[in-house]
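Asks: no sequence on this one, just coordinates:
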């Protein structure tokens with residue numbers, strides 16, 4: 001099993017997982033201590049899961065300390081196992097180091113718990129995100145139809161022809177927004193360096209065989225050199241800090257670029273890059289970086305300075321349309337010529 005940080009569940013936590021899914025536990029709070037995932041607290045059901053929710057979840061959300069919470073619903077799946085909500089708490093006032101550590105360990109904990117029993121997975125930075133109201137909004141947003149890109153339509157078509165398999169603790173997991181592969185530590189560190197202004201460019205790839213996100217390049221790059229970094233035969237994810245001025249303000253905008261050179265890539269490569277895109281963006285944002293624009297391209301030639309600027313600051317058409325004299329009725333025939341009247345009767 002591949003892990004994102006090397007942090008795994010303690011023996012006590014594994015034993016607790018094995019005995020706590022029979023309905024006797026409503027909530028379990030998990031943290032990281034001495035490079036191990038440990039049980040911090042637990043609570044029993046008092047009423048229905050909806051009535052218990054805010055009273056049990058919200059008091060466990062510390063304003064400066066990230067944590068994970070597994071919250072048991074009253075519903076069961078087809079195998080009569082209880083369904084759980086997996087909450088990831090990363091408050092704005094937590095240290096960058098803690099945010100990075102918890103974000104990189106989230107997928108590992110889900111595997112340790114058993115991803116097949118997780119019905120919903122939610123990430124939050126403020127308590128409203130993880131409240132019962134926030135949970136319901138998350139469900140509504142998930143159920144709402146959305147337009148699909150070509151890659152997403154292709155993925156949906158492929159998935160519709162596949163036979164579903166049981167999910168074990170060692171399998172990569174399908175999230176609500178895509179497939180979340182583990183991200184290598186050096187890639188995480190370079191993303192953090194970009195956020196802190198030490199570099200301006202990070203390139204990531206999907207290791208198709210080992211199913212993980214890898215670092216391909218990281219450097220302080222001028223915008224004029226950006227097109228040359230886009231491969232012509234493989235898909236990639238790019239993070240670029242675009243330094244520019246707009247209306248007198250100096251800005252450093254982070255742009256996420258998904259490059260896919262069409263059918264030069266295999267079906268598997270197109271499918272996995274399309275499916276991993278959203279979880280990668282989510283991971284970047286969990287590390288504290290604000291992605292100001294998301295772009296999809298098929299060639300690096302598109303990435304000019306003017307193109308990036310226009311994508312960040314679209315031009316507003318405020319010019320008023322000039323008055324157009326209406327045309328005369330059709331079928332009037334040729335315009336009649338008149339002879340000018342001579343002066344003095346001549």
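Replies: Alright, I've got the coordinates. Everything quoted here is computed from the prediction, not taken from an experiment.
Asks: Skip the chain neighbours and tell me the closest residue to residue 45.
Replies: residue 26 (4.1 Å; Cβ to Cβ, 6 or more residues apart in numbering). For every residue, glycine as well, the C-beta is placed using N, CA and C.
Asks: my read: that neighbour touches residue 44, true?
Replies: Yes: if you go by Cβ atoms under 8 Å, residue 26 and residue 44 touch, sitting 5.8 Å apart.
Asks: right, and the helix or strand after the helix or strand of the chain with the lowest mean pLDDT?
Replies: Sorted by mean pLDDT, DSSP states H and E, the helices and strands of the chain end with strand 173-174, the least confident at a mean of 46. Next along the chain after strand 173-174, taking DSSP states H and E as the criterion, comes strand 179-180.
Asks: Tell me the helix or strand right after that next one.
Replies: Using DSSP H and E, the helix or strand that directly follows strand 179-180 along the chain is helix 185-195.
Asks: What helices and strands are in contact with that following helix?
Replies: helix 96-113, strand 201-207, strand 212-219, strand 236-246 (3 or more Cβ pairs under 8 Å, 6 or more residues apart in numbering; DSSP states H and E).
Asks: buried set for it?
Replies: Neighbour counts over helix 185-195 (16 or more other Cβ atoms under 10 Å) mark 187, 188, 190, 191, 192, 194, 195 as buried.
Asks: Repeat that for stretch 196-210.
Replies: In stretch 196-210, counting by 16+ other Cβ under 10 Å, buried: 199, 200, 201, 202, 203, 204, 205, 206.
Asks: again with stretch 62-72
Replies: For stretch 62-72, a neighbour-count test (16+ other Cβ under 10 Å) marks 65, 66, 67, 68, 69, 70, 71, 72 as buried.
Asks: Ok, stretch 79-90 next?
Replies: Neighbour counts over stretch 79-90 (16+ other Cβ under 10 Å) mark 82, 83, 84, 85, 86, 87, 88, 89, 90 as buried.
Asks: what about residue 252, is that helix, strand or coil?
Replies: Assigned by DSSP: H, G, I helix; E, B strand; the rest coil, the conformation of residue 252 is strand.
Asks: In a helix, residue 93, correct?
Replies: No: using three-state DSSP, the assignment for residue 93 is coil, not a helix.
Asks: That one - nearest residue in space that isn't next to it in sequence?
Replies: Per Cβ to Cβ, 6+ apart, closest to residue 93 is residue 64, 4.9 Å.
Asks: Against residue 134, how distant is the one you found?
Replies: 20 Å (Cβ to Cβ, to the nearest Å).
Asks: how far away is residue 315 from residue 251?
Replies: 17 Å.
Asks: More neighbours: the two, which one.
Replies: Counted by other Cβ atoms under 10 Å, residue 315 and residue 251 do not tie: residue 251 has more neighbours, with 13 against 7.
Asks: Name whatever forms a beta bridge with the more buried one.
Replies: Listed by DSSP bridges, the beta-bridge partners for residue 251 are residue 244.
Asks: My read is that it contacts residue 241, right?
Replies: No: at 10.0 Å, residue 251 does not count as touching residue 241 under the criterion of Cβ under 8 Å.
Asks: ok so, going back, same list (the helices and strands packed on helix 185-195) but as a markdown table, adding mean pLDDT.
Replies: What follows is the helices and strands packed on helix 185-195, written out as a markdown table (pLDDT from 0 to 100):
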| stretch | mean pLDDT |
| --- | --- |
| helix 96-113 | 88 |
| strand 201-207 | 96 |
| strand 212-219 | 95 |
| strand 236-246 | 94 |
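Asks: Now render the ones you listed as a markdown table, adding distance to residue 18.
Replies: Below are the helices and strands packed on helix 185-195 laid out as a markdown table (distance: least, Cβ to Cβ, whole Å):
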| stretch | distance to residue 18 |
| --- | --- |
| helix 96-113 | 11 |
| strand 201-207 | 32 |
| strand 212-219 | 27 |
| strand 236-246 | 37 |
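Asks: Report the distance from stretch 198-216 to the chain centre.
Replies: Computed by Cα atoms, centre = their mean, to the nearest Å, the chain-centroid distance of stretch 198-216 equals 15 Å.
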